[in-house]
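**Q** what follows is a predicted protein model with its sequence.
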Amino acid sequence: MRTFRVVVLVLVSGLWMAAADGAQTASPDWKTVEEETMRHYQALLRLDTRNPPGNETVAAQYLKEIFDREGIPAQIVAGDPARANVIARLKGSGRKKPLLIMGHTDVVTVDPAKWTHPPFSATREGGYVYGRGTVDDKDNLTAALMTMLLLKRSNVALDRDVIFVAEAGEEGSTNVGIDFLVKEHFAEVEAEYCLAEGGGVTRKGGAVAFATVQTLEKIPRRIELVAGGVAGHGSVPLKTNPVVHLAGAVARVGEWRPPIRLNETTAAYFKRLADISPPDVAKHYRDVLSSDPAVQRAADDWLFENEPRHSSMLRTSASPNIMTGGYRFNVIPSQATATLDVRLLPDENQDAFLQQVKAVVNDPSVEVRYPVAATRPPGMEARLDSEAFKAIEAAVTRVYDTVTIPAMGTGATDMAQLRGKGVQCFGIGPATDTEDGPKGFGAHSDQERLLESELHRFVRFNWEVVTGLAKKQ
Ligand SMILES: [Zn+2]
């Protein structure tokens, strides 16, 4: 019966073309797949899931209906009924542990006045699709959805289960999304490997330059500096004025660059980036790997000035971003506070780091503390010698014909919670033009867009990676 149904599907829908040797799994007819991809992508983009408030349940229902229609077992799970998540699963033989593919359904807010095309219109123009979520994260969401549909229809025999997750609340409310899933439904999402957002293919001048795969991310934490003193009349300056003490502390922290520490990912990152960069820039990437501290320091100086993201990848960073103190010009306040955005290397000892900040502040009238608990747990680095990384690298070569560079994210993603539970996670993404970011079309920008051709190429890439990792061997 099953075989018969597949044959009918092939004949009726024309979605599948037999592979040349006839014995292999049918491979998708990509032209037909593209029409369906665009339909789902636009439909998802047109659902207003801006967070806050999120309202991701509309997207969860859309996805659930598709899975139901296709006969893919799927469930909606929600801590907050308005903010549902979807889990779907294709069964494999169980010879290997599951593979999880996921995308988040919420998007960041918009200022409609800044958009040429309405932000939830999914307008197609000049080879692009415009809309909030086009590159964060309804691209990954659509690619994961299409991969599930193609796997199901092709009836590919699998060595491992393939799990699909669409999670709510990635943009700042993980309690309804990944935290809820890991806490309440971990058995249903537990996997050996996970693919999610966080990587991408870089195009320069319209040509593919390289692909980055996120194998690790820094851990965000907040540190507060609280200067205390005695309040008084502004006409009588005091040695204990907390504003003055806080300003000194902030300046010292701001000038401090915590020690450089490389890991497997960042060492491979700078090495591979050097291999494909012009000699003058490549020199800095190689020098960063030098065992000579003076050479390394000079390279870091260059990066800090010219490529600050790369400088952040070398260390735990601390950026003072908020200062508050005082309320009247003629009153010396009794307290002044600064907040540091700290991005810890994943293996950093967080208590020891706090002590280091205290030493840099070096002022007993300034308290240094973590005001709130960490929101993202530390997790392990995905291995570069794993089957998954090799499958990703092979797919990058086949689909993009370029080099794969493992990267550590300086920001945070929902992969952190899974890494914290021992899942090896890899961040991937479609190709975008480096020139597009500065023009204001990137993730979280005033506008957002993705090339249609790159959406379709990304679906093929997903298919290649997932079949490479899960197909029966
Ligand atoms: Zn995102």
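**A** Sure, I can see it.
**Q** for the protein, what lies in contact range of the ion?
**A** When proximity is defined as C-beta under 5 Å from the ion, the chain approaches the ion at D136, D137, E197. For the C-beta atoms, the positions are set from N, CA and C on the backbone; glycine is no exception.
**Q** for those residues, give me a markdown table that also has distance to A247 and neighbour count.
**A** Formatted as a markdown table, those follow (distance: C-beta to C-beta, whole Å; neighbours: other C-beta atoms under 10 Å):
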| residue | distance to A247 | neighbour count |
| --- | --- | --- |
| D136 | 37 | 23 |
| D137 | 40 | 27 |
| E197 | 39 | 24 |
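**Q** which one of those residues sits closest to T434?
**A** Lowest distance from T434 to the residues of the chain next to the ion (C-beta to C-beta) belongs to D136, with 16.3 Å.
**Q** what sits against the closest one?
**A** Taking C-beta atoms under 8 Å, 6 or more residues apart in numbering as the criterion, D136 is in contact with V107, V108, E197, A443, H444, E448.
**Q** again with L273
**A** L273 is in contact with F210, A282, Y285, I405, counting by C-beta under 8 Å, 6+ apart.
**Q** you'd agree the second one is in a helix?
**A** Yes: when DSSP: H, G, I helix; E, B strand; the rest coil is applied, A282 is found to be in a helix.
**Q** need the nearest residue in space to it, chain neighbours excluded.
**A** For A282, the nearest residue in space outside its immediate sequence neighbours is A274; the separation is 4.2 Å by C-beta to C-beta, 6 or more residues apart in numbering.
**Q** what's the helix or strand for the one you found?
**A** In this structure, A274 is located in helix 264-275 according to DSSP states H and E.
**Q** pLDDT (mean, whole number) over that helix?
**A** When the per-residue pLDDT values of helix 264-275 are averaged, the result is 97.
**Q** relative to the whole chain's centre, how far out is that helix?
**A** 19 Å (C-alpha atoms, centre = their mean, to the nearest Å).
**Q** may I see the buried residues of it?
**A** Using 16 or more other C-beta atoms under 10 Å as the burial criterion, the residues of helix 264-275 that qualify are E264, T265, T266, A268, Y269, F270, R272, L273, A274.
**Q** swap in stretch 338-356?
**A** A338, T339, L340, V342, R343, L344, L345, P346, E348, F353, L354, Q356.
**Q** again with stretch 448-459
**A** Buried residues in stretch 448-459, defined by neighbour count with 16+ other C-beta under 10 Å: E448, R449, L450, L451, E452, E454, L455, H456, R457, F458, V459.
**Q** ok, the closest residue to K421 other than its chain neighbours - contacts?
**A** Nearest non-adjacent residue to K421, counting by C-beta to C-beta, 6+ apart: V182, 6.2 Å away. Listed by C-beta under 8 Å, 6+ apart, the contact partners of V182 are V189, Q417, L418, G420, K421.
**Q** buried among those? Need that as a selection in PyMOL.
**A** The following PyMOL line selects those of those that are buried, judged by 16+ other C-beta under 10 Å:
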select buried, resi 189+417+418+420
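**Q** inside helices: which ones of the contacts of V182?
**A** Cross-referencing those with the helices (criterion: DSSP state H) gives V189, Q417, L418 as the overlap.
**Q** my guess is the first one meets I87, correct?
**A** Yes: with contact taken as C-beta atoms under 8 Å, V189 and I87 are classed as touching, separated by 6.3 Å.
**Q** which neighbours do these two share?
**A** I163, V165, L181.
**Q** dump those to JSON lines, plus neighbour count, secondary structure and pLDDT.
**A** JSON lines is the format used below for the shared contacts of V189 and I87 (neighbours: other C-beta atoms under 10 Å; DSSP: H, G, I helix; E, B strand; the rest coil; pLDDT from 0 to 100):
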{"residue": "I163", "neighbour count": "21", "secondary structure": "strand", "pLDDT": "98"}
{"residue": "V165", "neighbour count": "28", "secondary structure": "strand", "pLDDT": "98"}
{"residue": "L181", "neighbour count": "24", "secondary structure": "helix", "pLDDT": "98"}
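**Q** helix, strand, or coil at the closest residue to H104 other than its chain neighbours?
**A** The spatially closest residue to H104, leaving aside those adjacent along the chain, is E170, at 3.6 Å (C-beta to C-beta, 6+ apart). Here E170 takes the coil state, with states given by three-state DSSP.
**Q** pull the number of nearby residues for E170.
**A** Counted with other C-beta atoms under 10 Å, the neighbours of E170 add up to 27.
**Q** point to the helix or strand of this structure where mean pLDDT is at its lowest.
**A** Scoring the helices and strands of the chain by mean pLDDT, DSSP states H and E places helix 2-13 at the bottom, with a mean of 41.
**Q** which other residues reach stretch 306-314?
**A** Outside stretch 306-314, the residues within contact range by C-beta under 8 Å, 6+ apart are 218, 257, 260-262, 266, 269-270, 288, 300, 303-304, 317, 343, 407-408, 410.
**Q** now do the SS call for T413.
**A** On the three-state scheme (three-state DSSP), T413 is labelled coil.
**Q** tell me the contacts of it?
**A** When contacts are taken as C-beta under 8 Å, 6+ apart, T413 is in contact with E170, A196, E197, G198, Q214, E217, G427.
**Q** okay, now A113: neighbour count?
**A** Summarising burial for A113: neighbours were counted as other C-beta under 10 Å, giving 6.
**Q** am I right that S311 sits in a helix?
**A** Yes: counting by three-state DSSP, one finds S311 located in a helix.
**Q** next one: it relative to the ion, how far apart?
**A** Between S311 and the ion the distance, using C-beta to the ion, to the nearest Å, works out to 23 Å.
**Q** please name the nearest non-neighbouring residue to A143.
**A** Sequence neighbours aside, N462 is the residue nearest to A143 in space, at 4.2 Å (criterion: C-beta to C-beta, 6+ apart).
**Q** pLDDT score assigned to the one you found?
**A** 98.
**Q** mind telling me what element it is part of?
**A** Under the assignment given by DSSP H and E, the secondary-structure element containing N462 is helix 452-470.
**Q** check contacts around P52.
**A** With contacts defined as C-beta under 8 Å, 6+ apart, P52 is in contact with T109, S173.
**Q** does it count as helix, strand or coil?
**A** Looking at P52 with three-state DSSP, the answer is coil.
**Q** tell me how far it lies from the ion.
**A** 15 Å.
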